[in-house]
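Chemist: Predicted model and sequence below, questions to follow.
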Amino acid sequence: MAPVLQCPDCGTKHPLGQVGDAVAFPCRGCGRVLKVPERVQRAAQPVGVAAAGTPAPPPEVGATRALPVVERNPRPAPAPAASPAPAAPRFAPVPVWMRFICWIFAVPLAFLFVFTAARAFGMFSRDELTDLFLATDTSRFWPVVRLLPFVAVVCASMVQGGVLALSRARAKRRGAAAGGRRS
Ligand SMILES: [Zn+2]
């Protein structure tokens, strides 16, 4: 297990093997001269040399820290995964034109759905349908009018559901795009 020296300014890590037995070295990240802590020097040196070495200077504030590493790896250390990415919003705004398209699809579909269901349940007979076009009295509209609230409910539900689905899809896509930019 080889220790790593981390720059207190920029965080660049320097494997001790590359530092050698120098007491100080310039940081590869920011150029600041970093002192190798006495503790690490002693650990890196043979025991006999450490015993004959100079007395340890008092620890300095902001001195280079020695971090243990599991493997000696030239790849850059992975970014700290402990800090979770800010949670992406679950819903993104849906533009007006998308909502408009939702309505364009929802209105005829709602009529189709309600009148098909009404026909299936016997709430809207064939006679009532033909009367709508052939009869002349205003009461012929009543079978249609009484179905309009159902059409309204179905239509509103379709639009609401469609906008909600769009909003979630856009939020997910936005989150994926943001994740792509982060990495
Ligand atoms: Zn540095």
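Modeler: Now that the structure is in, tell me what you want to look at.
Chemist: element containing His14, please.
Modeler: Using DSSP states H and E, His14 sits in strand 13-15.
Chemist: Can you name the helix or strand that Ala176 falls in?
Modeler: Element membership for Ala176, per DSSP H and E: helix 148-182.
Chemist: same deal with Met98?
Modeler: Met98 is part of helix 96-120, with elements assigned from DSSP H and E.
Chemist: could you check the angle helix 148-182 makes with that helix?
Modeler: 140 degrees (axes from the mean of the first three to the mean of the last three CA atoms, to 10 degrees).
Chemist: Does anything pack onto helix 96-120? Which helices or strands?
Modeler: Applying 3 or more CB pairs under 8 Å, 6 or more residues apart in numbering; DSSP states H and E, we find helix 96-120 packed against helix 148-182. Every C-beta, even on glycine, is put in place using the N, C-alpha and C of the backbone.
Chemist: Counting neighbours, which bits of the helix it packs on end up buried?
Modeler: Of all the residues in helix 148-182, those buried under the rule 16 or more other CB atoms under 10 Å are 150-151, 154-155, 158-159, 162-163, 166-167, 170-171, 175.
Chemist: Is it possible to get JSON lines of those residues that adds distance to Leu132?
Modeler: Converted to JSON lines, these look like this (distance: CB to CB, whole Å):
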{"residue": "Phe150", "distance to Leu132": "17"}
{"residue": "Val151", "distance to Leu132": "15"}
{"residue": "Val154", "distance to Leu132": "20"}
{"residue": "Cys155", "distance to Leu132": "20"}
{"residue": "Met158", "distance to Leu132": "24"}
{"residue": "Val159", "distance to Leu132": "26"}
{"residue": "Gly162", "distance to Leu132": "29"}
{"residue": "Val163", "distance to Leu132": "32"}
{"residue": "Leu166", "distance to Leu132": "35"}
{"residue": "Ser167", "distance to Leu132": "38"}
{"residue": "Arg170", "distance to Leu132": "41"}
{"residue": "Ala171", "distance to Leu132": "44"}
{"residue": "Gly175", "distance to Leu132": "50"}
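Chemist: Return the member of the residues you listed nearest to the ion.
Modeler: Nearest to the ion among the buried residues of helix 148-182: Gly175, at 33.4 Å, using CB to the ion.
Chemist: list the contacts for Ala110?
Modeler: Contacts here follow CB atoms under 8 Å, 6 or more residues apart in numbering; on that basis Ala110 touches 151-152, 154-155, 158.
Chemist: what do you get for Gly11?
Modeler: Applying CB under 8 Å, 6+ apart to Gly11 gives the contacts Gly29.
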